[in-house]
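Trainee: Sequence first, then the predicted structure, then my questions.
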Amino acid sequence: MREQLGMRWDDFSAAHQQPSPVSIRLNPAKLQRPPAGALPVPWTTSGYYLNERPSFTLDPHFHAGAYYVQEASSMFLEQAFRQVVDAQKAINVLDLCAAPGGKSTHLLSLMNEQSLLVSNEVIRSRANVLAENIQKWGYGNAVVVHNDPQDFQRLPGFFDVMVIDAPCSGEGLFRKDKHAMEEWSPDNVALCSKRQRRILSDVWPALKTGGLLFYSTCTYNPDENEDNLEWLRQEHDVEFVPLMVNEQWGVEAVDHHGIPGYRFYPHRVKGEGFFLCVIRKTEEARESRVRHKNSFTGPSKKIIEQLSAWVKNGAEKTFILRHDQVQCFPQNKTPDIDFLAKNLYLITAGIVMATVKHEKLIPEHPLALSIDLQPENFLRLDVGLPEALQYLRKEPLTISTEKKGFTLIYHNDIPLGWANVLDNRMNNLYPSDWRIRKGS
Ligand SMILES: C[S@@+](CC[C@H](N)C(=O)[O-])C[C@H]1O[C@@H](n2cnc3c(N)ncnc32)[C@H](O)[C@@H]1O
């Protein structure tokens with residue numbers, strides 16, 4: 001590191017004595033106004049630095065997917081996406097190493113709604129956290145899968161864009177995460193680099209000819225960055241895509257034998273260490289034959305009619321029945337999702353809307369958080385902060401309300417979830433697994 005930075009080592013080292021900046025990225029579909037005094041993250045349209053670290057756990061809007069707490073440098077993905085992806089086309093995007101969901105939620109805010117995000121995580125427990133964060137973000141054009149990178153070879157040429165935010169040695173996180181420093185060793189760097197090459201070659205066939213790969217890490221050493229891309233250039237026909245960066249951002253644009261990489265150092269930017277490079281696949285690739293099929297089991301006509309009214313543009317959605325639950329996603333992507341379901345391990349597809357019990361519909365939590373929800377079809381109850389926290393802790397609710405039935409609980413104009421108002425009590429339907437634990 002000292003060698004790589006030369007005279008800038010002292011500045012780099014001094015930056016590690018400073019606290020890490022705290023930053024969030026808003027979900028513009030739910031919240032447009034940043035907190036008072038927050039300053040924008042310059043390479044984004046929705047990222048903001050906070051003056052201090054609040055208790056996110058005690059903010060109901062955090063649980064409602066109104067924003068995501070994300071390290072600022074990694075939000076640079078937005079520049080890559082905006083500068084090189086055709087915003088008009090309906091595309092398939094893969095986020096291969098996606099948990100806990102920072103890049104995936106960001107991609108959903110950047111993609112058009114005709115496009116589809118496939119968000120993958122290889123570690124099961126992390127895939128569940130990913131699914132939770134995607135559901136909180138509220139977009140219906142996302143599928144969460146749990147697969148090994150090599151499984152994507154069953155989908156040749158399926159993706160227009162792939163994001164590989166690779167597992168790495170984490171040198172860029174030393175300031176934020178002491179654990180990353182303890183784990184570091186030259187052997188681990190070598191191991192990470194080897195694993196990254198395996199991931200790249202496993203997933204490469206799934207990228208279309210002309211498709212774009214965004215490769216990123218949160219580490220500085222060239223073994224896990226430029227050297228891997230140099231290796232990719234030797235193995236495949238690729239072209240590297242330069243980005244425009246504003247000099248004032250402090251991002252270092254480095255050209256390594258014709259490979260343009262973007263490096264973030266904590267002494268130059270307000271953020272942690274990060275590396276990103278954009279690659280275009282130029283070699284001829286086989287393409288998946290996606291048939292115009294929908295082999296999912298659908299719910300009854302009556303249920304579809306009822307559920308179509310619960311979401312915006314219900315007529316443009318496909319409703320499917322999986323494990324007694326109805327899920328819905330955009331109709332234009334049905335053949336693609338059908339194809340994914342046949343080839344990958346699907347955790348969720350689109351919005352989980354309701355559970356069907358004896359032909360009755362019980363609305364599910366992800367529907368309450370969906371940006372497609374038609375709220376005027378449901379009862380609404382606005383609550384203050386103490387009641388909102390009581391709700392999010394899944395404690396019994398003692399608020400009195402006259403109208404009976406499934407009711408959306410709101411805090412400061414954003415839905416938090418469902419309650420069922422009965423004759424003499426109100427059932428708190430907040431998901432047990434997601435509740436704020438006692439003491440937090
Ligand atoms: C840097 S983190 C991803 C962070 C995520 N993109 C975000 O922005 O929130 C890397 C991810 O890769 C996953 N991973 C670990 N080993 C992997 C492997 N062999 N293949 C694919 N993914 C792997 C980890 O579980 C982890 O979730």
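Mentor: Great, that's in hand.

Trainee: residue contacts, the residue at minimal distance from the centre of the chain?
Mentor: Against the mean C-alpha coordinate of the chain, by C-alpha atoms, centre = their mean, the closest residue is S104 at 2.1 Å. By C-beta atoms under 8 Å, 6 or more residues apart in numbering, the residues touching S104 are 95, 98, 117, 119, 130, 133-134, 137, 142. Yep, even glycine has a C-beta here, placed from its N, CA and C like the rest.

Trainee: what helix or strand is it on?
Mentor: Here S104, judged by DSSP states H and E, is contained in helix 102-110.

Trainee: after that helix comes which helix or strand?
Mentor: Trace forward from helix 102-110 with DSSP H and E and the next one is strand 116-120.

Trainee: Looking at the longest helix along the chain now, give me its mean pLDDT.
Mentor: Counting by DSSP state H, the longest helix found in the chain is helix 186-203. The pLDDT scores in helix 186-203 average 96.

Trainee: Could you pull out the helices in the stretch 101-250 of the chain for me?
Mentor: 102-110, 124-137, 178-183, 186-203, 226-235 (DSSP state H, counting those that start in this stretch).

Trainee: and the longest one with the ligand, contact?
Mentor: Yes. Remark: helix 186-203 sits within contact range of the ligand at 195, 199, by C-beta under 6 Å from any ligand atom.

Trainee: The helix holding S104 vs helix 124-137, what angle?
Mentor: Counting by axes from the mean of the first three to the mean of the last three C-alpha atoms, to 10 degrees, helix 102-110 lies at 30 degrees to helix 124-137.

Trainee: returning to that earlier point: which one among the contacts of S104 gets closest to V251?
Mentor: Among the contacts of S104, D95 lies closest to V251 (C-beta to C-beta), at 21.9 Å.

Trainee: Isn't the closest one up against H106?
Mentor: No. The pair D95 / H106 is not scored as a contact, 9.4 Å apart, by C-beta atoms under 8 Å.

Trainee: who has more neighbours, those two?
Mentor: D95 (30 against 25; other C-beta atoms under 10 Å).

Trainee: In contact with that one, which residues?
Mentor: Contacts of D95 (C-beta under 8 Å, 6+ apart): 103-104, 107, 117-120, 163, 165.

Trainee: Quick check: it vs the ligand, distance?
Mentor: For D95, the distance to the ligand (C-beta to the nearest ligand atom, to the nearest Å) stands at 6 Å.

Trainee: And T209, by the same measure?
Mentor: From T209 to the ligand the distance is 24 Å (C-beta to the nearest ligand atom).

Trainee: swap in V161?
Mentor: From V161 to the ligand the distance is 14 Å (C-beta to the nearest ligand atom).

Trainee: Where does the prediction get shaky in the chain?
Mentor: Along the chain, the model assigns pLDDT under 70 to residues 1, 5, 7, 438-440.

Trainee: need the residues of it near the ligand, please.
Mentor: 97-103, 121-123, 126, 149, 165, 167, 195, 199.

Trainee: what ranges do the strands span in the stretch 301-440 of the chain?
Mentor: 317-322, 325-330, 346-349, 351-357, 360-363, 379-382, 405-411, 414-421, 426-428 (DSSP state E, counting those that start in this stretch).

Trainee: Of those, flag the one that's most buried.
Mentor: Burial of these is given as mean neighbour count (mean count of other C-beta atoms under 10 Å); strand 325-330 ranks first at a mean of 24.

Trainee: Off-centre distance for that strand?
Mentor: How far strand 325-330 lies from its chain's middle: 19 Å, per C-alpha atoms, centre = their mean, to the nearest Å.

Trainee: How about stretch 22-30?
Mentor: The answer for stretch 22-30 is 12 Å, by C-alpha atoms, centre = their mean.

Trainee: Taking the stretch 101-250 of the chain, what residue is nearest to the ligand?
Mentor: The ligand sits closest to G102 of the stretch 101-250 of the chain, with a gap of 3.1 Å, by C-beta to the nearest ligand atom.

Trainee: Next up, the contacts around the spatially closest residue to that residue that is not a sequence neighbour.
Mentor: The shortest distance from G102 to any non-neighbouring residue, by C-beta to C-beta, 6 or more residues apart in numbering, is to Q70 (4.5 Å). Residues near Q70 by C-beta under 8 Å, 6+ apart: 23-25, 47, 102, 106.

Trainee: most neighbours, which of these?
Mentor: That'd be G47 among the contacts of Q70, by other C-beta under 10 Å, with 27 neighbours.
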